[in-house]
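>>> need a 3D model of the following:
(one chain, ligands or ions: 1)
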Amino acid sequence: MSSRKSIIALIVAMATMAAFTHSCKEEEQHKDYFDQSQLDVIKHIGKTRPTLEDHHLDLDTNWLDANGDHHILVDPLPDSYDSIFVDFNAVQIPFAEKNGIDPIRNFHDAYRLRQPLVKIETCEAYYLDTLTHSMPYLVPKAAKLLEDIGCAFADSVMAHGGSQYRIVVTSCTRSLYTVSKLLRVNRNATPRSCHMYGTTFDLSWTHYEPYNNDYRINREDLKNILGHVLLDFRNKNRCTVLHEKGQCCFHITVK
Ligand SMILES: [Zn+2]
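Model (predicted):
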C-alpha cells in the first residue's frame with residue numbers, strides 16, 4: 001500500500017515538474033518573440049484609432065458610435081467651423097447681386113426674370129427637404145454648384161469606406177414675401193437675404209440621407225466630410241460659405 005502511495009506521489013511530482021518545465025519553455029519562447037519594446041508598441045497600437053486598412057476590415061463589427069452608427073476615418077478640419085466658414089451676409093450679397101435675379105416681390109415678377117431659374121428636385125446628388133419658406137429654384141450656375149457639391153460629397157463618403165449618402169437641401173430661393181414672413185419667426189434672418197437672388201441654398205449639417213437605412217454613418221464624420229468638400233469648393237473660388245449654428249446649416253452662395 002505504501003509503495004503504491006509513493007508511486008502515485010512520484011508520478012504527481014514528475015507531472016508537476018514537466019508542467020513547470022513546459023511553462024518555463026513557453027515563457028522563454030515568449031521572451032524571444034516579444035521583447036518589452038515590442039510589447040509597448042502593441043499596447044500603443046491597441047489604444048489608437050485603426051488605420052484605413054484595419055477600418056475596412058473591422059467596419060461592420062468593431063467601430064460603432066453610441067447610436068450604433070458606423071464611424072469612418074476623416075481628418076479633422078484645420079480649424080473650427082466657426083473660424084473657417086465666416087462668409088457673412090456682407091461678403092455673400094455682392095455675389096448674389098452679380099449672379100442672381102432681381103428679388104421676386106410678387107407672382108408677376110416671376111415672369112420678368114433677368115435669367116431663367118432651374119427647378120431643384122431630389123436626385124442622386126442631393127435630397128430636397130420639405131421647404132417651408134422657400135421655393136425649389138436656383139439660377140443655373142447655383143444649381144450646377146449644388147450638384148457638384150453633392151457628387152463630391154457622395155464620392156468622398158464612398159472613398160472613405162462609407163456607403164451611398166446624399167446631402168440634404170433645407171432652403172433655396174425666397175421671395176420678398178417669404179423673407180418678411182421668415183423675419184417674424186427667425187431672428188437670424190436678414191431683410192436683405194441672399195436667398196432672394198436664386199444664388200443661395202442651405203445644406204443641413206445635422207441630416208444626411210442614406211440610400212441604405214441599415215448602414216448609417218456617424219453624423220459628425222459626415223459633417224467633417226462635407227466640411228472638407230466645401231472648403232475645397234471655396235478654395236477653388238466657386239462659392240462663399242457661412243456655418244450657421246442657429247439653423248444647423250451651411251449657407252452657400254455661388255461666386
Ligand atoms: Zn441660408
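>>> hang on, isn't residue 199 packed against residue 100?
Yes - using Cβ atoms under 8 Å, residue 199 is in contact with residue 100, at 4.0 Å. Bear in mind the C-beta positions are built from the backbone N, C-alpha and C, glycine included.
>>> overlap in contacts of those two?
Listed as contacting both residue 199 and residue 100 by Cβ atoms under 8 Å, 6 or more residues apart in numbering are 139, 142.
>>> in a strand, residue 168, correct?
Yes - under the criterion used here (DSSP: H, G, I helix; E, B strand; the rest coil), residue 168 sits inside a strand.
>>> could you point out which residue ranges in the stretch 151-255 of the chain have low pLDDT?
Scanning the stretch 151-255 of the chain for pLDDT under 70 picks out 187-189.
>>> residue in it nearest to the ion?
Of all residues in the stretch 151-255 of the chain, the one sitting closest to the ion is residue 251 (3.5 Å; Cβ to the ion).
>>> now the strands for this protein?
Taking DSSP state E as the test, the strands found in the chain are 118-119, 126-128, 137-138, 165-171, 200-210, 239-244, 249-254.
>>> quick check: buried residues in the longest one?
Read that as strand 200-210. Within strand 200-210, the residues that count as buried by 16 or more other Cβ atoms under 10 Å are 200, 201, 202, 203, 204, 205, 208, 209, 210.
>>> please list which of those residues are also close to the ion.
Contacts with the ion within the buried residues of strand 200-210, counted by Cβ under 5 Å from the ion: residue 202.
>>> possible to save the buried residues of strand 200-210 as TSV with distance to residue 63?
Below are those laid out as TSV (distance: Cβ to Cβ, whole Å):
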residue	distance to residue 63
200	37
201	33
202	31
203	26
204	24
205	22
208	18
209	22
210	17
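>>> from the buried residues of strand 200-210, which is closest to residue 132?
residue 202 (11.9 Å; Cβ to Cβ).
>>> once you drop chain neighbours, what's closest to the residue nearest to the spatial centre of the chain?
Nearest to the mean C-alpha position of the chain, by Cα atoms, centre = their mean, lies residue 222 at 1.1 Å. Nearest residue to residue 222, sequence neighbours excluded (Cβ to Cβ, 6 or more residues apart in numbering): residue 208, at 4.8 Å.
>>> and that neighbour, how far from residue 65?
Per Cβ to Cβ, to the nearest Å, residue 208 is found 14 Å from residue 65.
>>> again with residue 125
Counting by Cβ to Cβ, the gap from residue 125 to residue 65 is 26 Å.
>>> of these two, give the one with the bigger neighbour count.
More neighbours surround residue 125 than the other of residue 125 and residue 65, with 17 against 14 (other Cβ atoms under 10 Å).
>>> that one touches residue 151, doesn't it?
Yes - using Cβ under 8 Å, residue 125 is in contact with residue 151, at 5.0 Å.
>>> now do the contacts for residue 67.
By Cβ under 8 Å, 6+ apart, the contact set of residue 67 is 216, 218.
>>> residues near residue 255, how many?
21.
>>> ok, residue 190 next?
The burial count for residue 190: 14, using other Cβ under 10 Å.
>>> do the same with the one 4 residues further on
For residue 194, the number of neighbouring residues by other Cβ under 10 Å comes to 28.
>>> wait, it sits on residue 253?
Yes - under the criterion of Cβ under 8 Å, residue 194 makes contact with residue 253 at 5.0 Å.
>>> any shared contact partners between those two?
Joint contacts of residue 194 and residue 253 (Cβ under 8 Å, 6+ apart) are 92, 95, 96, 200.
>>> what's the closest of those to the ion?
The nearest one, if we look at the shared contacts of residue 194 and residue 253 relative to the ion and count by Cβ to the ion, is residue 200, at 6.0 Å.
>>> domain ranges for this structure?
2-48, 81-254 (automatic domain parsing).
>>> could you identify which of the ones you listed is most buried?
domain 81-254 (a mean of 18; mean count of other Cβ atoms under 10 Å).
>>> measure that one end to end?
19 Å (Cα to Cα, to the nearest Å).
>>> for stretch 135-142, same thing?
Span of stretch 135-142 from end to end, Cα to Cα: 14 Å.
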